[in-house]
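Visitor: Predicted model and sequence follow; I will ask about them next.
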Amino acid sequence: MSEKNKNGISDLMMAASRGDLARVRALLASGASLDEQDIFGNTALIYAAAGGHLEIVSLLLISGADMHLKNKVGLTAAERAQANGHADAAQLFEAEAAQTKRFSVITSHPQTNPVGYELIQAVRTGDVSRLSSILSSGINPNARTRDGQTALHIATAKDDTEMMSILLKHGASVEAKNGQGWTPLWVAISLGNTEAVELLSDSGADMDAADESGWTPLMQAASENNLECLKLLLKRGASVEMEGHAGESAINLALERGHMESAALIEQFIERRRDRIDSAQTRAASSR
């Protein structure tokens with residue numbers, strides 16, 4: 001149980017309100033309650049939404065936060081985001097609602113699939129022993145939540161490489177997509193979890209798996225100026241040529257958003273590759 005102040009505001013709520021992603025991740029990993037409410041009825045998700053902290057909103061949703069809870073004024077997290085002018089955060093909730101409807105047949109529900117439910121809960125609470133025990137019984141490691149997340153998606157969002165490794169060892173799919181079309185690699189990139197990116201890559205994850213808008217992980221990293229993830233993806237063979245459904249490429253996204261470092265990194269990669277090709281062609285020509 002996390003500490004609370006006199007208004008019932010927990011450490012998780014405070015970190016979410018400040019936009020402190022690292023602290024939120026650490027608190028979730030230690031078992032902080034997702035849906036606790038303070039005396040005003042606010043949850044960590046409502047605080048994150050009110051501040052427009054997109055990465056934290058995404059992490060809390062993936063971790064299972066209830067987006068339908070209302071505060072004492074009668075506002076949900078989506079409504080707080082909208083009221084504070086954070087249209088991008090509000091859109092995340094719209095997408096979440098659409099995913100929930102799409103995955104209306106819940107495979108990890110306590111009544112319809114109690115073992116699958118226990119699997120998801122073990123990952124959410126960080127219970128490694130319970131997770132190992134469940135998986136050793138031979139159950140399907142790819143049970144989904146109502147919004148299409150698998151246990152591997154959730155472990156990736158928590159940046160819990162120990163749980164990820166256990167799931168992967170027992171056959172968890174690196175290519176399973178949630179309602180947004182995100183693979184676990186996509187989740188790792190969106191939250192900047194570089195260790196998770198490396199582990200998923202080593203496990204055969206598709207570096208170019210596109211989401212429903214045609215964006216690849218490389219495009220996501222470039223759009224957020226996430227240099228470390230960008231370097232990893234380029235090193236592991238991600239394509240710089242792929243385009244989203246609207247014709248956007250990774251380098252164009254970086255330039256449009258003013259991320260000159262990301263654009264330069266991609267341009268340098270393209271130039272080095274071009275030099276290697278030219279050199280190989282020259283050697284081939286001279287050997288004839």
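Guide: Here it is on my side, so go on.
Visitor: the bottom helix or strand of the protein by mean pLDDT?
Guide: Least confident helix or strand of the chain, by mean pLDDT, DSSP states H and E, is helix 87-102 with a mean of 73.
Visitor: next helix or strand past it?
Guide: With elements assigned by DSSP states H and E, the helix or strand that comes after helix 87-102 is helix 114-125.
Visitor: And that next one, what's buried?
Guide: 116, 117, 118, 119, 120, 121, 122, 123, 124 (16 or more other CB atoms under 10 Å). (Each C-beta comes from the backbone N, C-alpha and C, glycine too.)
Visitor: got JSON lines for those residues, with distance to residue 268 and pLDDT too?
Guide: Compiled in JSON lines, the buried residues of helix 114-125 are given as follows (distance: CB to CB, whole Å; pLDDT from 0 to 100):
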{"residue": "116", "distance to residue 268": "45", "pLDDT": "80"}
{"residue": "117", "distance to residue 268": "48", "pLDDT": "82"}
{"residue": "118", "distance to residue 268": "48", "pLDDT": "87"}
{"residue": "119", "distance to residue 268": "43", "pLDDT": "90"}
{"residue": "120", "distance to residue 268": "42", "pLDDT": "89"}
{"residue": "121", "distance to residue 268": "45", "pLDDT": "87"}
{"residue": "122", "distance to residue 268": "43", "pLDDT": "90"}
{"residue": "123", "distance to residue 268": "38", "pLDDT": "90"}
{"residue": "124", "distance to residue 268": "40", "pLDDT": "85"}
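Visitor: Between which two of those is the distance greatest?
Guide: Farthest apart among the buried residues of helix 114-125 by CB to CB are 116 and 124. That separation is 12.8 Å.
Visitor: Next up, phi/psi of residue 195, please.
Guide: Backbone torsions of residue 195, given as degrees, to the nearest 10, read phi -60, psi -40.
Visitor: what sits against it?
Guide: Neighbour list for residue 195: 159, 161 [criterion: CB atoms under 8 Å, 6 or more residues apart in numbering].
Visitor: next one: residue 118
Guide: Residues counted as contacts of residue 118 (CB under 8 Å, 6+ apart) are 130, 134.
Visitor: any idea which of the buried residues of helix 114-125 is the one closest to residue 5?
Guide: residue 124 (25.2 Å).
Visitor: Quickly find the element holding the residue nearest to the closest one when sequence neighbours are not counted.
Guide: Excluding the flanking residues, the one nearest residue 124 by CB to CB, 6 or more residues apart in numbering is residue 64, at 5.6 Å. Per DSSP H and E: residue 64 is located in neither a helix nor a strand.
Visitor: Could you tell me which residues make contact with residue 64?
Guide: Neighbour list for residue 64: 34, 120, 124, 145, 154 [criterion: CB under 8 Å, 6+ apart].
Visitor: any idea of the pLDDT on it?
Guide: Note for residue 64: predicted pLDDT of 77.
Visitor: what about it, distance to residue 193?
Guide: The spacing between residue 64 and residue 193, counted by CB to CB, to the nearest Å, is 18 Å.
Visitor: and if you look at residue 176?
Guide: To residue 193, residue 176 is 17 Å away according to CB to CB.
Visitor: of those two, who's got more company?
Guide: Taking neighbours as other CB atoms under 10 Å, residue 176 and residue 193 compare with residue 193 leading, 24 against 18.
Visitor: Tell me who's in contact with the residue lying closest to that one once chain neighbours are set aside.
Guide: Leaving aside its sequence neighbours, residue 193 sits nearest to residue 159 (CB to CB, 6+ apart; 4.4 Å). For residue 159, the contacting residues are 25, 29, 191, 193, 195, 196, by CB under 8 Å, 6+ apart.
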